[in-house]
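Student: No letters, just coordinates:
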Ligand code: FAD
Ligand code: SF4
Ligand code: SF4
């Protein structure tokens, strides 16, 4: 329930910010009509705290009207006003995961696109499983902005009531999802590594207590059930060629005064010729078992012969063998290359959660009981310092033979 108290001084600040034109001034007082979706934006702008929202006790709410699985579609930031924003790969990964959830629930999978201009995104999102695309098109959505995006997403959720909402655990998603969760007064499970449906509820799995246990989290009393998932955690499913998402345009008013932060200049740092480890197709990783920085460098030679990049466990990073940007795992980067080679890495859960989505994993460890072998496609029990030079030599010979 929303109420305007006697404190209202009639300043009218709340009127333009309401995305649903739900506030009118009557006798110099703000009056709220039935178009209100309880998004909470007016509460934030009122200078005298005259507006208050009272939310129902979670367990007493009827949640049966909440249906569908939604995915927030993150776009690349524009390099300049003329360049087109592209859908990021992580959105396709989330749609692949979302499709399975929607099928299990027997409900729709919907993509949420906020953009200045629709570039037929529904044709790209359909083949990855989206049944519908909710589109908000407005010049104010040219680039990401916390206040504007969170207001629009909150408004959309209040209008259409999805059961599940997934966001990427990227800089943007990690900024947006908590704002929406706070506005809606619902929970949010960050950095999920597994999602499933259990008894009609979203089962959200993620490492907890420093990665020592996997926690399964359910939100039975709030909707939507919201989670963030890192890039490269969910596998892409096979595209459904020819499928197009049904376009649903949402008419949401966006007032410029909502924008409290303005980007004056954008400087994009590009390391010429270098790839990010999250994008590498082949990764040759080393751990503490590589012993020294000098010996670790052998991995560079193997990586260059295979056309891949060198990664590292946290122990290897802590020992100064490789820079932090190459750390694979829970507190590093999540990767899913076609081939992941692990030399002298034990396979602690914090490392595994960052690389287990790789297509093929080859592990070399002198301890046959090392946990890394539990996720490896191929395992070699032996000394990395003996196996590596032999592998390099064989690859060089093979290259000459071609
Ligand atoms: P070790 O566990 O010491 O394993 C070394 C392995 O090398 C052993 O299995 C040994 O048998 C093998 N070995 C030794 N000599 C040889 C040889 N000559 N030939 C072949 N094998 C050999 N870790 C990460 O990697 N990434 C993360 O993002 C991450 N985040 C973390 C976050 C938190 C909150 C915490 C608490 C921990 C995190 N860790 C992370 C640390 C993690 O728990 C492990 O400590 C770390 O992954 C161990 O690295 P390692 O496998 O290289 O070393
Ligand atoms: Fe408008 Fe949101 Fe305020 Fe309701 S809570 S009156 S929808 S701004
Ligand atoms: Fe009244 Fe607050 Fe709205 Fe100003 S912002 S008109 S004080 S309710």
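Tutor: That came through, no problem. Quick caveat: nothing in here was measured; it's all calculated off a predicted structure. Numbering: from 1, shown residues only. Ligands and ions are numbered 1, 2, ... in the order given.
Student: Could I get the full set of strands for the stretch 101-250 of the chain?
Tutor: Along the stretch 101-250 of the chain, the segments classed as strands by DSSP state E, counting those that start in this stretch run 109-115, 132-137, 164-168, 188-192, 194-198, 201-208, 213-217, 225-229, 246-249.
Student: how about the ones you listed in CSV, adding distance to ligand 1 and mean neighbour count?
Tutor: C-betas here are computed from N, CA, C, even on glycine. Formatted as CSV, these follow (distance: least, C-beta to the nearest ligand atom, whole Å; neighbours: other C-beta atoms under 10 Å):
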stretch, distance to ligand 1, mean neighbour count
strand 109-115, 30, 25
strand 132-137, 35, 21
strand 164-168, 19, 29
strand 188-192, 12, 20
strand 194-198, 17, 16
strand 201-208, 8, 19
strand 213-217, 12, 13
strand 225-229, 16, 27
strand 246-249, 40, 14
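Student: Columns mean pLDDT and distance to residue 324 on top of those, output as TSV?
Tutor: As requested, the strands of the stretch 101-250 of the chain are exported to TSV (pLDDT from 0 to 100; distance: least, C-beta to C-beta, whole Å):
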stretch	mean pLDDT	distance to residue 324
strand 109-115	97	32
strand 132-137	96	37
strand 164-168	98	22
strand 188-192	95	18
strand 194-198	96	26
strand 201-208	92	19
strand 213-217	90	25
strand 225-229	97	22
strand 246-249	96	43
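Student: can you put those strands in JSON lines and add distance to residue 180?
Tutor: Below are these laid out as JSON lines (distance: least, C-beta to C-beta, whole Å):
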{"stretch": "strand 109-115", "distance to residue 180": "11"}
{"stretch": "strand 132-137", "distance to residue 180": "14"}
{"stretch": "strand 164-168", "distance to residue 180": "8"}
{"stretch": "strand 188-192", "distance to residue 180": "8"}
{"stretch": "strand 194-198", "distance to residue 180": "18"}
{"stretch": "strand 201-208", "distance to residue 180": "16"}
{"stretch": "strand 213-217", "distance to residue 180": "18"}
{"stretch": "strand 225-229", "distance to residue 180": "7"}
{"stretch": "strand 246-249", "distance to residue 180": "19"}
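Student: between those strands, which one is nearest to residue 36?
Tutor: For the strands of the stretch 101-250 of the chain, proximity to residue 36 was assessed by C-beta to C-beta; strand 132-137 is nearest, at 18.5 Å.
Student: Identify the bridge partners of the residue in the stretch 51-200 of the chain positioned nearest to ligand 3.
Tutor: Using C-beta to the nearest ligand atom, the closest approach of the stretch 51-200 of the chain to ligand 3 is made by residue 51 at 5.1 Å. Beta-bridge partners recorded for residue 51 (DSSP bridges): residue 4.
Student: what's the burial count for it?
Tutor: Residue 51 has 22 neighbours, counted by other C-beta atoms under 10 Å.
Student: What of residue 389?
Tutor: For residue 389, the number of neighbouring residues by other C-beta under 10 Å comes to 13.
Student: just residue 54 next, same as before
Tutor: Count around residue 54 with other C-beta under 10 Å applied: 8.
Student: For it, list the residues it contacts.
Tutor: 1, 2, 3 (C-beta atoms under 8 Å, 6 or more residues apart in numbering).
Student: same thing but at 10 Å, please
Tutor: Counting by C-beta atoms under 10 Å, 6 or more residues apart in numbering, residue 54 touches 1, 2, 3, 38.
Student: distance between stretch 253-263 and the chain's centre?
Tutor: 24 Å (C-alpha atoms, centre = their mean, to the nearest Å).
Student: Got the phi and psi for the residue in the stretch 1-150 of the chain positioned nearest to ligand 1?
Tutor: Across the stretch 1-150 of the chain, the shortest distance to ligand 1 (C-beta to the nearest ligand atom) belongs to residue 90, at 18.6 Å. When quoted as degrees, to the nearest 10, the phi and psi of residue 90 stand at phi -60, psi -30.
Student: what's the distance between it and residue 325?
Tutor: Using C-beta to C-beta, to the nearest Å, one gets 19 Å for the distance from residue 90 to residue 325.
Student: if you count what's nearby, which of these two comes out ahead?
Tutor: When neighbours are counted by other C-beta under 10 Å, residue 90 and residue 325 differ, and residue 90 comes out ahead with 25 against 14.
Student: My guess is the more buried one contacts residue 168. True?
Tutor: Yes: using C-beta atoms under 10 Å, residue 90 makes contact with residue 168 at a distance of 4.1 Å.
Student: Mind listing the shared neighbours of the two?
Tutor: 71, 72, 73, 74, 229, 230, 231, 233, 234.
Student: on that earlier part again, adding distance to ligand 2, write the strands of the stretch 101-250 of the chain out as TSV.
Tutor: Putting those into TSV (distance: least, C-beta to the nearest ligand atom, whole Å) gives the following:
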stretch	distance to ligand 2
strand 109-115	17
strand 132-137	15
strand 164-168	18
strand 188-192	20
strand 194-198	30
strand 201-208	26
strand 213-217	28
strand 225-229	19
strand 246-249	19
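Student: Sort out which of the contacts of residue 54 are buried, if you could.
Tutor: 2, 38 (16 or more other C-beta atoms under 10 Å).
Student: Max pairwise distance over the contacts of residue 54: which two?
Tutor: It's 3 and 38 that sit farthest apart of the contacts of residue 54, by C-beta to C-beta, at 11.4 Å.
Student: Need the residues touching each of these two.
Tutor: 32, 53, 54.
Student: Which of these sits closest to residue 280?
Tutor: residue 53 (47.2 Å).
Student: burial measure for residue 395, as a count.
Tutor: 14.
Student: other SSEs contacting the helix or strand where it lies?
Tutor: Using DSSP states H and E, residue 395 sits in helix 384-401. Other helices and strands packing on helix 384-401, by 3 or more C-beta pairs under 10 Å, 6 or more residues apart in numbering; DSSP states H and E, are strand 282-286, helix 293-296, helix 298-306, strand 339-343, strand 360-365, strand 378-381.
Student: Quick check: which of those is nearest to ligand 3?
Tutor: strand 282-286 (53.9 Å).
Student: Next one: residue 311 from residue 245, what distance?
Tutor: In this view, residue 311 and residue 245 are 36 Å apart by C-beta to C-beta.
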